[in-house]
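Q: just coords:
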């Protein structure tokens with residue numbers, strides 16, 4: 001690595017990939033520092049012994065696919081790897097609705113201003129909808145549910161960052177076999193395939209039908225000269241008087257953490273709602289390298305109201321492990337349900353057991369080719385006996401309140417230990433919206449003959465988990481209201497920017513990835529224009 005760059009981008013998700021791409025294309029010397037690995041289909045976790053989890057306390061020993069953090073009443077799931085959240089998200093690349101920009105944002109951030117950026121991000125990620133000839137059982141159930149409760153006009157397909165083959169159908173023999181995926185080369189020169197509805201969207205698409213950021217924005221960034229360095233964890237930022245920033249970094253190497261110092265004229269933080277917020281909190285409150293950061297740092301966090309209700313069907317095969325993870329929605333974001341705004345989606349999940357058996361079968365068949373057919377049959381049988389085939393995971397998001405607060409605290413059980421990121425999330429002001437979504441799941445389940453099971457973690461404990469954390473470095477008109485301005489510039493710290501979900505100052509009520517990417521396009525253009 002070079003010692004100094006024009007711009008260092010911390011993180012490679014929807015904010016980091018976009019800014020790195022555009023700044024490199026504008027001729028800047030750019031480095032992207034990503035804490036996780038650079039994954040390939042051969043590395044995706046499948047077997048129980050694979051690298052599933054990221055341990056934030058011991059990343060040198062445990063640096064897997066997903067970072068799952070528990071903060072008591074709220075847990076957060078994040079991707080860890082080159083491509084960030086695009087590695088684990090459900091492909092949904094939908095625009096926020098205009099109402100979401102009516103309050104909470106700086107005056108010049110509007111839906112109309114973001115429209116061209118929404119269009120560009122959709123082009124870069126090759127957005128498509130589920131073809132009519134490939135409707136999954138979950139899609140059909142969602143559509144039926146909408147019709148039976150009188151909400152057919154609210155039902156719609158969703159835009160997905162997935163490449164489909166119009167000739168593929170569920171009626172093909174061994175329909176989900178990888179041999180049905182058609183190989184193609186994308187505009188960034190990356191070889192991909194077409195979707196075979198295998199259901200592995202969240203744990204890595206082995207045929208590369210999922211248009212993750214490493215295959216488009218980051219590939220284009222590399223073509224323009226950007227360096228992308230995996231396994232690099234940024235620990236602190238130190239402003240250098242009138243000369244940029246010193247970044248104190250640890251590189252994961254051979255099971256240990258190796259210190260690395262780098263310098264940059266500008267820094268773009270894109271480590272996500274947790275990562276960027278924690279780094280700035282440590283710089284302000286622990287290392288004292290940025291004492292002038294806004295007092296609003298860490299405030300204004302929300303979960304984006306993510307909620308899942310499983311429902312059981314006695315006489316209906318739902319097959320939640322087949323098809324893209326999410327394909328459609330019933331839109332109640334207009335507030336017509338007692339003022340609560342929410343977005344119902346079909347949910348799915350990978351067949352982890354079937355994947356594990358197939359992985360083991362492949363390994364054993366290589367060791368003993370004579371038993372290959374037996375092992376293949378074992379894998380097929382495991383998939384055919386899926387005990388969860390009659391389960392419908394009703395999913396969705398709600399517009400919850402941005403009143404969560406991050407801070408650095410020592411755990412009560414270890415008062416002498418290192419301060420950790422702490423989240424204070426009061427559920428009371430968000431309860432009605434989330435319960436409204438849960439009640440709609442119940443209504444749709446019963447209308448279609450299902451038996452809904454509201455998670456006791458919500459009904460009894462008021463605990464949630466979200467893959468869509470928003471806020472912490474909120475965008476605002478002034479430092480009294482937030483942390484960054486409408487161009488992503490950190491108040492009081494020239495040359496420092498934030499471009500990720502942490503700047504979104506309110507819940508969107510639907511999947512936020514496209515809005516984060518559109519904001520990053522806007523911020524990158526502003527940096528280039530300076």
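A: It's in. Just so it is clear, the structure is predicted and the values come from calculations on it, not from any experiment.
Q: Can you give me the domain assignment for this protein?
A: Domains of the chain are assigned by automatic domain parsing as 4-40+53-351+386-529, 352-385.
Q: tell me how far the ends of the longest one are from each other?
A: Distance between the two ends of domain 4-40+53-351+386-529: 22 Å, counting by Cα to Cα, to the nearest Å.
Q: among the domains of the chain, which is the most enclosed?
A: Mean neighbours per residue, mean count of other Cβ atoms under 10 Å, is largest over the domains of the chain for domain 4-40+53-351+386-529, with a mean of 20. Where you see a C-beta, it was placed from the backbone N, CA and C, and this is true even at glycine.
Q: mean confidence score for that one?
A: Mean pLDDT, domain 4-40+53-351+386-529: 97.
Q: Helix or strand next in line after the longest strand belonging to the chain, which one?
A: As assigned by DSSP state E, the longest strand anywhere in the chain is strand 256-269. Following strand 256-269 in sequence order, the next helix or strand is helix 272-281 (DSSP states H and E).
Q: Packing partners of that following helix?
A: With contacts defined as 3 or more Cβ pairs under 8 Å, 6 or more residues apart in numbering; DSSP states H and E, helix 272-281 has these neighbours: strand 4-10, strand 74-79, strand 232-240, strand 256-269, strand 405-409, strand 420-424.
Q: try 7 Å
A: On a contact count with 3 or more Cβ pairs under 7 Å, 6 or more residues apart in numbering; DSSP states H and E, helix 272-281 meets strand 74-79, strand 405-409.
Q: Sketch out the helices for the protein, chain order is fine.
A: 14-25, 111-124, 137-148, 217-223, 272-281, 352-367, 372-384, 431-447, 456-459, 513-529 (DSSP state H).
Q: Can you give the distance of the shortest one from its chain's centre?
A: Read that as helix 456-459. 24 Å (Cα atoms, centre = their mean, to the nearest Å).
Q: Skip the chain neighbours and tell me the closest residue to residue 440.
A: Excluding the flanking residues, the one nearest residue 440 by Cβ to Cβ, 6 or more residues apart in numbering is residue 344, at 5.8 Å.
Q: Let me fix that, I meant to ask about residue 481.
A: Once flanking residues are discounted, residue 481 sits nearest to residue 296: 6.6 Å by Cβ to Cβ, 6+ apart.
Q: Check residue 206 too.
A: Nearest residue to residue 206 in three dimensions, chain neighbours excluded: residue 41, at 4.7 Å (Cβ to Cβ, 6+ apart).
Q: That neighbour - how many residues pack around it?
A: 12 (other Cβ atoms under 10 Å).
Q: Please report how far it lies from residue 296.
A: When distance is defined by Cβ to Cβ, to the nearest Å, residue 41 is 42 Å away from residue 296.
Q: Any figure for the gap between the residue nearest to residue 185 when sequence neighbours are not counted and residue 89?
A: Computed as Cβ to Cβ, 6+ apart, the closest residue to residue 185 that is not its neighbour in sequence is residue 191, at 5.6 Å. Distance, residue 191 to residue 89, using Cβ to Cβ: 22 Å.
Q: which stretch among the helices and strands packed on helix 272-281 comes nearest residue 319?
A: Ranking those by proximity to residue 319 (Cβ to Cβ) places strand 74-79 first, at 23.5 Å.
Q: hang on, residue 87 packs against residue 79?
A: Yes - taking contacts as Cβ atoms under 7 Å, residue 87 lies within contact range of residue 79: 4.3 Å.
Q: quick one on the thing from earlier: how about the residue nearest to residue 206, what does it touch?
A: Residue 41 makes contact with 204, 206, 208, according to Cβ atoms under 7 Å, 6 or more residues apart in numbering.
Q: 10 Å instead?
A: By Cβ atoms under 10 Å, 6 or more residues apart in numbering, residue 41 lies in contact with 178, 193, 204-208.
Q: possible to save the residues you listed as a markdown table with distance to residue 103?
A: Listed next are those as a markdown table, based on distance: Cβ to Cβ, whole Å:
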| residue | distance to residue 103 |
| --- | --- |
| 178 | 47 |
| 193 | 43 |
| 204 | 38 |
| 205 | 37 |
| 206 | 43 |
| 207 | 43 |
| 208 | 40 |
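Q: which one of the residues you listed is nearest residue 323?
A: Using Cβ to Cβ, residue 205 comes nearest to residue 323 of the contacts of residue 41, at 12.7 Å.
Q: Quick check: the gap between the closest one and residue 324.
A: Using Cβ to Cβ, residue 205 is found at 10 Å from residue 324.
Q: before we move on, what about residue 210?
A: For residue 210 relative to residue 324 (Cβ to Cβ), the value is 9 Å.
Q: ok, now residue 56?
A: Separation of residue 56 from residue 324 (Cβ to Cβ): 30 Å.
Q: Can I get the helices and strands packed on helix 272-281 in JSON lines including distance to residue 4?
A: Formatted as JSON lines, those follow (distance: least, Cβ to Cβ, whole Å):
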{"stretch": "strand 74-79", "distance to residue 4": "29"}
{"stretch": "strand 405-409", "distance to residue 4": "30"}
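Q: Which among the ones you listed is found nearest to residue 101?
A: Across the helices and strands packed on helix 272-281, residue 101 has its closest neighbour in strand 405-409 (23.5 Å, Cβ to Cβ).
Q: Show me what that closest one is packed up against.
A: Packing partners of strand 405-409 (3 or more Cβ pairs under 10 Å, 6 or more residues apart in numbering; DSSP states H and E): helix 272-281, strand 420-424.
Q: and the angle from the first one to strand 420-424?
A: Read it as helix 272-281. 120 degrees (axes from the mean of the first three to the mean of the last three Cα atoms, to 10 degrees).
Q: residues in contact with residue 250?
A: 35, 59-60, 231-235, 256-260.
Q: Widest-spaced pair of these?
A: So, the contacts of residue 250 by Cβ to Cβ: farthest apart are 234 and 256, at 17.3 Å.
Q: returning to what we had before: report the separation between the residue nearest to residue 185 and residue 32.
A: Going from residue 191 to residue 32 by Cβ to Cβ gives 22 Å.
Q: Over to residue 212?
A: Taking Cβ to Cβ as the measure, residue 212 falls 15 Å from residue 32.
Q: where does the residue nearest to residue 204 when sequence neighbours are not counted land on pLDDT?
A: Nearest non-adjacent residue to residue 204, counting by Cβ to Cβ, 6+ apart: residue 44, 3.1 Å away. We have a pLDDT of 96 for residue 44.
Q: From residue 179, how far out is residue 44?
A: Per Cβ to Cβ, residue 44 is found 18 Å from residue 179.
Q: go on, residue 95?
A: 35 Å.
Q: go on, residue 418?
A: Using Cβ to Cβ, residue 418 is found at 51 Å from residue 179.
Q: Start and end of stretch 262-276, how far apart?
A: Stretch 262-276 has an end-to-end distance of 18 Å (criterion: Cα to Cα).
Q: Check stretch 171-187 too.
A: So stretch 171-187: terminal residues 31 Å apart, Cα to Cα.
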